[in-house]
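K.L.:
sequence and predicted structure are below.
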Amino acid sequence: MDSDARLTVNGTEISARYLSSALPIPYLIDRIPATFGYPVYHYAQIRGIVSNPTIGSTLNVVITNHDGQSDSKSYTLPARWEDLDSDGDGLLDSWEDGIYTAPNGGTVNLRAMGTTKYKKDVLLEADWTSLAAPGTASYDDDLWPFVIGVFANAPVLSPDGTAGVNLIIDHGQGGEFTEGGDVVTPGHTTMAMGTQCGGRAGCMNMVDYRDDYNGRPGFYNSARKGLFHYTIFANRHVRGAGGQAEFPSGNLGGDDMFCAMPWVSTTSFGECLAHELGHNIGLAHGGLTPWNTYDHSNAKVNFNSIMNYRYSYGGTPIGCRPVSGTGGPVTFSQGMLNPIVEASVDENKGICDNVRLDFNGDGLYTTGAMDIVDEYTGSVQEGRGSGTTLGTSRDYDQWGNMILDFRSCWNDTQGLVRRPECTP
């Protein structure tokens with residue numbers, strides 16, 4: 001975007017516009033931008049004033065560069081100004097300015113917790129089993145700054161001009177943060193979500209800890225529904241996985257997640273927590289399909305994200321080879337890499353900087369139609385179409401498409417209509 005790009009709203013040019021903030025992307029300094037599908041040199045914000053907008057109306061915003069390239073986005077204003085959410089994080093300005101009152105009469109002092117109406121906030125409450133509690137070998141206080149740092153370093157600009165997402169975690173540290181940090185009971189051998197326990201002895205469904213269960217009060221304060229994500233540090237996953245999470249919508253829609261022992265280090269545990277929280281905010285293992293559905297493909301070579309099992313642990317690549325465990329940034333994808341069209345692949349170009357890659361594992365660097373080998377499973381990659389149809393492996397901008405409003409609780413992005421699961 002040009003720093004003095006043309007700004008129009010509903011067809012009217014906004015002459016009093018200015019570049020208010022910008023975020024450079026240093027990753028491209030040592031890269032060849034022309035080899036990327038969508039090279040991001042910087043993110044920027046242009047400000048302009050729209051006079052006397054009508055509440056409930058839609059603002060169609062168009063940015064046009066000097067070379068004629070343009071992009072557009074529509075924003076629907078709330079039906080009441082008091083329902084405004086300036087930073088689009090699902091927390092209304094009126095809540096972030098003070099104290100939120102829940103449908104059951106409970107209150108949450110969001111301002112005292114550090115939320116602001118002009119910077120994106122994500123709220124998380126954490127509890128644990130006795131084997132993962134403070135004072136055990138499995139617990140390390142360094143976990144919290146690590147996970148908070150993943151979001152603080154996000155290539156995301158908020159209306160206040162600052163970068164990053166403000167992740168606020170209640171793990172029972174005191175002050176306003178006293179709801180988290182509980183040792184959940186009764187004990188369990190394994191944990192699951194939905195119906196995955198399947199009657200196994202010693203297996204607990206996570207939501208049985210969250211909500212009232214068999215006369216025992218839940219460990220999650222219902223006044224926080226629609227505001228806080230919820231996690232538990234569990235003993236084991238029933239299928240041996242590192243963790244599990246709900247998505248914002250769908251048949252397993254919600255805002256809960258858990259990570260399961262054993263974890264190798266505080267870093268690996270933090271990576272699990274960031275990965276599962278990613279699912280909570282609508283990020284899938286493979287991004288989003290062209291049909292606007294979650295893409296659960298795994299191990300894509302052109303998808304540099306901790307949501308990708310290839311990079312769930314050990315960081316994302318710092319170069320143009322899809323190598324895991326390099327110690328690169330623990331982050332989600334920005335959608336910059338070219339799509340790989342299996343009907344017409346050039347292995348000499350790779351995924352960036354013209355670094356050659358052997359996509360089909362035949363030991364040669366060739367061009368033409370080929371199946372991309374999924375190195376994680378050793379099979380052809382799930383980016384294929386159905387049957388024998390060659391498909392396309394796509395990158396996806398996850399940081400730019402986080403779902404921060406609780407779609408499992410709210411019918412719209414302003415949070416005006418409560419769904420049953422968000423009421424007492």
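P.N.:
Right, received. Where do you want to start?
K.L.:
show the average pLDDT along stretch 138-158.
P.N.:
Averaged over stretch 138-158, pLDDT sits at 96.
K.L.:
any idea how far Gly226 is from Ile55?
P.N.:
Note on Gly226: its distance to Ile55, by C-beta to C-beta, to the nearest Å, is 23 Å. Glycine gets a C-beta too; all of them are placed from N, C-alpha and C.
K.L.:
more crowded one of the two?
P.N.:
Ranked by neighbour count (other C-beta atoms under 10 Å), Gly226 and Ile55 place Gly226 first, with 23 against 11.
K.L.:
these two touch, right, that one and Leu404?
P.N.:
No - using C-beta atoms under 8 Å, Gly226 is not in contact with Leu404; the gap is 11.7 Å.
K.L.:
need the residues touching each of those two.
P.N.:
Common neighbours of Gly226 and Leu404, counting by C-beta atoms under 8 Å, 6 or more residues apart in numbering, are Gly90.
K.L.:
can you list the buried residues in stretch 178-191?
P.N.:
The neighbour-count check on stretch 178-191 (16 or more other C-beta atoms under 10 Å) flags Glu179, Gly180, Gly181, Asp182, Val184, His188, Thr190, Met191 as buried.
K.L.:
out of those, which are inside strands?
P.N.:
Thr190, Met191 (DSSP state E).
K.L.:
report the two of the buried residues of stretch 178-191 separated the most.
P.N.:
Spatially, the most separated pair among the buried residues of stretch 178-191 is Glu179 and Thr190, at 25.4 Å (C-beta to C-beta).
K.L.:
please parse the protein into its domains.
P.N.:
6-77, 85-282+402-422, 306-400 (automatic domain parsing).
K.L.:
relative to the whole chain's centre, how far out is the first one?
P.N.:
Looking back up the chat, that one is domain 6-77. 22 Å (C-alpha atoms, centre = their mean, to the nearest Å).
K.L.:
what's stretch 129-147 in contact with?
P.N.:
Outside stretch 129-147, the residues that reach it (C-beta under 8 Å, 6+ apart) are 128, 167, 169, 171, 181, 183-184, 187-188, 232-235, 261-263, 266-267, 269-270, 273-274, 277.
K.L.:
tell me which of these fall in strands.
P.N.:
Counting by DSSP E, these contribute Trp128, Leu167, Ile169, Ile232, Phe233, Ala234 to strands.
K.L.:
for the third one, which non-adjacent residue is spatially closest?
P.N.:
Here the nearest residue to Ile169 in space, its sequence neighbours aside, is Leu124; by C-beta to C-beta, 6 or more residues apart in numbering that works out to 4.8 Å.
K.L.:
what is the strand or helix carrying that neighbour packed up against?
P.N.:
Element membership of Leu124, judged by DSSP states H and E, is strand 121-128. Helices and strands touching strand 121-128, by 3 or more C-beta pairs under 8 Å, 6 or more residues apart in numbering; DSSP states H and E, are strand 166-170, strand 228-234.
K.L.:
after that strand, next one along is what?
P.N.:
Next along the chain after strand 121-128, taking DSSP H and E as the criterion, comes helix 143-152.
K.L.:
please name the nearest non-neighbouring residue to Asp85.
P.N.:
Asp85 sits nearest to Leu92 (C-beta to C-beta, 6+ apart), 5.3 Å away.
K.L.:
low pLDDT regions in the protein?
P.N.:
In the predicted model of the chain, residues 213-215, 290, 373-390, 408, 410-424 satisfy pLDDT under 70.
K.L.:
can you give me the helices in it?
P.N.:
93-96, 110-113, 143-152, 206-210, 266-280 (DSSP state H).
K.L.:
those strands in the stretch 251-400 of the chain, which residues are they?
P.N.:
For the stretch 251-400 of the chain, strands defined by DSSP state E, counting those that start in this stretch occupy the ranges 256-260, 340-341, 345-346, 367-368, 373-374, 379-380, 392-393.
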